[in-house]
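> Got a predicted structure plus its sequence, pasted below:
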Amino acid sequence: MTTIYLKPHKEESLRRFHPWVFSGAIAKVVLDASHKSPAPEEGELVCVRSSANEVLGVGHWQIGSIAVRILAFGVENLPADFWNERIRAAYQVRESLGLTPNHQSPITNHQYNDTYRLVHGEGDFLPGLIVDVYADTAVVQAHSIGMHRSRQQIAKAIITEVPQVQNVYYKSDDTLPFKAPIEGDKIGYLITNDQSPITNDEDFWSSENGLQFRIDWLRGQKTGFFIDQRENRALVERYAKDKDVLNMFCYTGGFSLYALRGGAKTVDSVDVSQKAIDLVNVNVARNFPNDPRHHAYAADAFDFLSEKITNHKSQITNYDLIILDPPAFAKHRDAVKNALRGYQRINAKAIEMIRPGGILFTFSCSQAVDKEAFRLAVFSAAAQVGRKVRILHQLHQPQDHPINIYHPEGEYLKGLVLYVE
Ligand code: SAH
């Protein structure tokens, strides 16, 4: 196996189990005899050693500023049952949380749930790997060539270790780095159950806390659904009774369904994507047939909020509960300034229009914007509008999106629940 030797003192973060080796920390690369190329191949397993030749761990080689992502610390090679052991451990966490089907748990109030994130990258000590489970299907997403190359072993381990999963779909067309040509397909089924092959992805349903959602992993965003808002949706349900609710950036309508179940007076769902709006309507019809309380609009968020304000001059604050869950405004560090301006602008609009005594759920899923910066942007919005605002809850990503304590970069979702006087 190829060996990576670090510069002196560069082993400290690895000793503290941080899983990344930066290219600047590398002193030399010693290729094993099998290599034809002058450098390691992207995605190959390499052993990392300190300048004193001590074994630090084994991981996937990458081209870029993160050169190695460590899979196992303190060993030269991956243990034979590595993938099974890691997937089993990840599953056990979700089972203990009551997120897996037929599991009676006080956490989920005994509501049927078969939608959960099984593997959350570094948070489950599997850097570069995401696995979401929808009923009997797991959707696997690789963020590194190493995980791409390991996809068959990962699929086999999922089928063996997760009782309800029969099919494994691979979806990495948007997530793999483009630095090297790769072998094999980036999308398609890795494993399907021959007894009931999936022929109709159009009609695939998955349950979250007793609500049913149509999941379209083939055409949908990410793996098809945003599982990370499950707990925050449940909180919206608690606040929704008799309220006029606006679910802005609704995607497939997660927050809308919980608001309807919570007894909202009306729910407006808004997303710029017509495809998303079509899915919201399908999901509402399935869970609340012929319910006149819900309306969905394909519109840009800023346009929708501005028109509401100009069209309702006499009564500008016309919702009791607003949810703002925009896409990541900052995908990179250099976009943070613009992102913060975007958060301020959209939050100011919402704070301006919400009725006195209204509740605003506002989120940021940009990893590059930390919770202090986000809170400051919302503070600026409140100050700009000049209303009295209290923070009732500070929200974050749920338990099946855990943060590896040695890898604080894994924290990305944050939210505030505000009371606007
Ligand atoms: N709240 C959703 C997830 C939101 S993802 C859930 O619980 O599942 C962000 C959504 O914002 C996407 O569906 C995207 O289509 C939508 N979007 C992006 N830009 C927008 C804009 N300018 N106006 C309205 N919606 C937008």
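Here it is on my side, so go on.

> which residues of the stretch 101-250 of the chain score low on pLDDT?
Counting by pLDDT under 70, the stretch 101-250 of the chain shows low-confidence ranges at 102-110, 179-180, 194-202.

> which residues in it form strands?
115-120, 129-134, 137-142, 167-171, 187-191, 205-208, 211-214, 244-248 (DSSP state E, counting those that start in this stretch).

> what about these, which gets the closest to the ligand?
strand 244-248 (6.8 Å; Cβ to the nearest ligand atom). In this view, the C-beta of every residue, glycine as well, is placed from N, C-alpha and C.

> what mean pLDDT does the helix or strand just after the closest one have?
Heading C-terminal from strand 244-248, the first helix or strand you meet, by DSSP states H and E, is helix 254-261. Summarised as a single mean, pLDDT over helix 254-261 is 98.

> One more: stretch 265-278?
Here the average pLDDT along stretch 265-278 is 95.

> quick revisit: with mean neighbour count and distance to Q274 as new columns, can the strands of the stretch 101-250 of the chain be given to me in CSV?
Formatted as CSV, the strands of the stretch 101-250 of the chain follow (neighbours: other Cβ atoms under 10 Å; distance: least, Cβ to Cβ, whole Å):
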stretch, mean neighbour count, distance to Q274
strand 115-120, 26, 24
strand 129-134, 27, 23
strand 137-142, 24, 23
strand 167-171, 23, 22
strand 187-191, 14, 23
strand 205-208, 20, 21
strand 211-214, 21, 16
strand 244-248, 27, 16
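
> okay if I get those strands as a markdown table plus distance to the ligand?
Listed next are the strands of the stretch 101-250 of the chain as a markdown table, based on distance: least, Cβ to the nearest ligand atom, whole Å:
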| stretch | distance to the ligand |
| --- | --- |
| strand 115-120 | 12 |
| strand 129-134 | 13 |
| strand 137-142 | 15 |
| strand 167-171 | 17 |
| strand 187-191 | 20 |
| strand 205-208 | 10 |
| strand 211-214 | 9 |
| strand 244-248 | 7 |
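
> Now render those strands as a markdown table, adding distance to V58.
A markdown table is the format used below for the strands of the stretch 101-250 of the chain (distance: least, Cβ to Cβ, whole Å):
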| stretch | distance to V58 |
| --- | --- |
| strand 115-120 | 19 |
| strand 129-134 | 16 |
| strand 137-142 | 18 |
| strand 167-171 | 24 |
| strand 187-191 | 24 |
| strand 205-208 | 35 |
| strand 211-214 | 39 |
| strand 244-248 | 45 |
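
> What residues does the closest residue to I359 other than its chain neighbours make contact with?
Excluding its sequence neighbours, the residue lying closest to I359 (Cβ to Cβ, 6 or more residues apart in numbering) is L321, at 4.8 Å. Shown in contact with L321 (Cβ atoms under 8 Å, 6 or more residues apart in numbering): 236, 239-240, 243-246, 259, 264, 358-361.

> Using a markdown table, lay out these together with distance to H393.
Shown next, in a markdown table, are the contacts of L321 (distance: Cβ to Cβ, whole Å):
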| residue | distance to H393 |
| --- | --- |
| V236 | 11 |
| Y239 | 10 |
| A240 | 15 |
| K243 | 16 |
| D244 | 20 |
| V245 | 17 |
| L246 | 18 |
| A259 | 16 |
| A264 | 18 |
| G358 | 15 |
| I359 | 10 |
| L360 | 11 |
| F361 | 9 |
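
> Which member of those is positioned nearest E421?
G358 (8.9 Å; Cβ to Cβ).

> can you tell me which residues contact that closest one?
Per Cβ under 8 Å, 6+ apart, neighbours of G358: T317, Y319, D320, L321, I322, Y419, V420.

> Which of the three states applies to it?
strand (DSSP: H, G, I helix; E, B strand; the rest coil).

> For it, list each beta-bridge partner.
Under DSSP bridges, the beta-bridge partners of G358 are V420.

> Who are the packing partners of the host helix or strand of V58?
Here V58 sits within strand 55-61, counting by DSSP H and E. Using 3 or more Cβ pairs under 8 Å, 6 or more residues apart in numbering; DSSP states H and E, the elements in contact with strand 55-61 are strand 2-6, helix 12-15, strand 45-49, strand 66-73, helix 145-149.

> Of all the residues in it, which ones are buried?
Buried residues in strand 55-61, counting neighbours by 16 or more other Cβ atoms under 10 Å, are found at L56, G57, V58, G59, H60, W61.

> Contact residues of the chain facing the ligand?
Within the chain, the residues that sit near the ligand (Cβ under 6 Å from any ligand atom) are 226, 229, 249-252, 254-255, 271-273, 276, 300-301, 325-327.

> Going through those residues, which ones are buried?
Buried among the residues of the chain next to the ligand (16+ other Cβ under 10 Å): 226, 229, 249-252, 254-255, 271-272, 276, 301, 325-326.

> Where do the strands of the stretch 251-400 of the chain begin and end?
266-271, 294-298, 319-324, 354-364, 389-396.

> would JSON lines of these with distance to E122 be doable?
Below are the strands of the stretch 251-400 of the chain laid out as JSON lines (distance: least, Cβ to Cβ, whole Å):
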{"stretch": "strand 266-271", "distance to E122": "30"}
{"stretch": "strand 294-298", "distance to E122": "36"}
{"stretch": "strand 319-324", "distance to E122": "28"}
{"stretch": "strand 354-364", "distance to E122": "20"}
{"stretch": "strand 389-396", "distance to E122": "16"}
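
> need the contact list for D291.
Taking Cβ under 8 Å, 6+ apart as the test, what D291 contacts is L260, V284.

> Average pLDDT for the helix ranked longest in the chain, rounded please.
Counting by DSSP state H, the longest helix found in the chain is helix 336-353. For helix 336-353, mean pLDDT is 94.

> now stretch 30-38
pLDDT averaged over stretch 30-38 gives 86.

> same thing with stretch 47-60?
Mean predicted lDDT for stretch 47-60 stands at 97.

> Quick one: residues in contact with that stretch.
So stretch 47-60 is contacted by 1-11, 14-15, 19, 21, 27, 43-46, 68-78, 127-128, 144-147 (Cβ under 8 Å, 6+ apart).

> now swap in stretch 328-347 and tell me
Residues contacting stretch 328-347 (Cβ under 8 Å, 6+ apart): 248, 301-302, 305, 324, 326, 360, 362, 364-369, 373-374, 376-378, 380-382, 384.

> starting at the chain centroid, how far to it?
Remark: stretch 328-347 is offset 18 Å from the chain centroid, using Cα atoms, centre = their mean, to the nearest Å.

> buried sites along it?
328-330, 335-336, 339-340, 342-347.

> was I right about V378 contacting K414?
No. Contact criterion Cβ atoms under 8 Å: V378 and K414 do not qualify, at 10.2 Å.
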